[in-house]
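Student: sequence unknown, structure follows:
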């Protein structure tokens, strides 16, 4: 007698989360959170995830609710603080700050989590991700202000903080379970052995 397969609770949770998100977006679009709108959103969301499914993304970590809440609050704070800094740079009586593309490590194991982190970096004013190295796990970010060592250090500290928050929220070592087809990034000496230190093998574009 064939054994029944246990349902993949993590994948089921991901689909339910997507269903809830689609319903929430539907209600926002209509702007009226009444019973009819919510029911219609549930039906539309169910139709989307059933008839138009996205490629399945493996769920390899575990969502930590408190750490995720801390991530959201911290990113909101960074957005407000960076908005004030960029506004000041645009109106201050001084020369336009020097900009540059800097390279920063983003050693998140999951491509999905890495994509979330890249989107977070893009919504924080003052920087824009221009390239992602999915092999070496680096991001190249156009930074608005690199006119001083302090500004550069703040950029690296902020990027590292976002990386740590995503690890705590989604990729804690004790929760990590790689899927069968998971890609593992090379070791720390990857760039030294291959000479791949910049977007075109040139370290001059990155610090």
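Tutor: All right, it came through fine. Computed from a predicted model, the values in this text were never measured in an experiment.

Student: low-confidence stretches in this structure?
Tutor: Residue ranges of the chain with pLDDT under 70: 1-11, 56-59, 180-207.

Student: helix, strand or coil: sort out residue 147 for me.
Tutor: Following DSSP: H, G, I helix; E, B strand; the rest coil, residue 147 is assigned to coil.

Student: what's the longest helix in the protein?
Tutor: The longest helix of the chain (DSSP state H) is helix 65-91.

Student: buried set for that one?
Tutor: Neighbour-count burial for helix 65-91 flags 67, 71, 74, 75, 78, 82, 85, 89 (criterion: 16 or more other CB atoms under 10 Å). Just so you know, the C-beta spots here come from the backbone N, C-alpha and C atoms, and that holds for glycine as well.

Student: show me which pair in these is furthest apart.
Tutor: 67 and 89 (31.9 Å; CB to CB).

Student: all strands for this structure, in order.
Tutor: 100-105, 127-133, 138-143 (DSSP state E).

Student: for the ones you listed, which one sits closest to residue 161?
Tutor: strand 100-105 (11.3 Å).

Student: could you tell me which strands the closest one is paired with, and in which direction each runs?
Tutor: strand 138-143 (antiparallel) (DSSP bridges).

Student: next one: the strand it pairs with to chain centre, how far?
Tutor: 13 Å (CA atoms, centre = their mean, to the nearest Å).

Student: for it, give me every contacting residue.
Tutor: 99-106, 118, 121, 126-133, 151-152, 155, 159, 198-199, 205-206 (CB atoms under 8 Å, 6 or more residues apart in numbering).

Student: do stretch 86-93 as well
Tutor: In contact with stretch 86-93 (CB under 8 Å, 6+ apart) are residues 97, 125, 126, 144, 145.

Student: most widely separated two among these?
Tutor: 97 and 125 (13.3 Å).

Student: list the buried residues in stretch 166-182.
Tutor: Buried, per 16+ other CB under 10 Å, within stretch 166-182: 166, 167, 169, 170, 171.

Student: which among those gets closest to residue 15?
Tutor: residue 170 (17.0 Å).

Student: ok, now which ones touch the closest residue to the closest one other than its chain neighbours?
Tutor: Computed as CB to CB, 6 or more residues apart in numbering, the closest residue to residue 170 that is not its neighbour in sequence is residue 61, at 4.6 Å. If you count contacts by CB under 8 Å, 6+ apart, residue 61 has them with 109, 110, 113, 170, 171, 172, 175, 176, 177.

Student: now for the closest residue in space to the last one that isn't next to it in sequence, how many residues are close by?
Tutor: Of all residues beyond its chain neighbours, the one nearest residue 177 is residue 60 (5.8 Å), with distances taken as CB to CB, 6+ apart. Around residue 60 sit 19 other residues, with neighbours defined as other CB atoms under 10 Å.

Student: same question, residue 136
Tutor: 18.

Student: so it versus residue 151, what's the distance?
Tutor: 25 Å (CB to CB, to the nearest Å).

Student: tell me how the protein divides into domains.
Tutor: 9-51, 65-205 (automatic domain parsing).

Student: before I go, just wanted to say thanks for your time.
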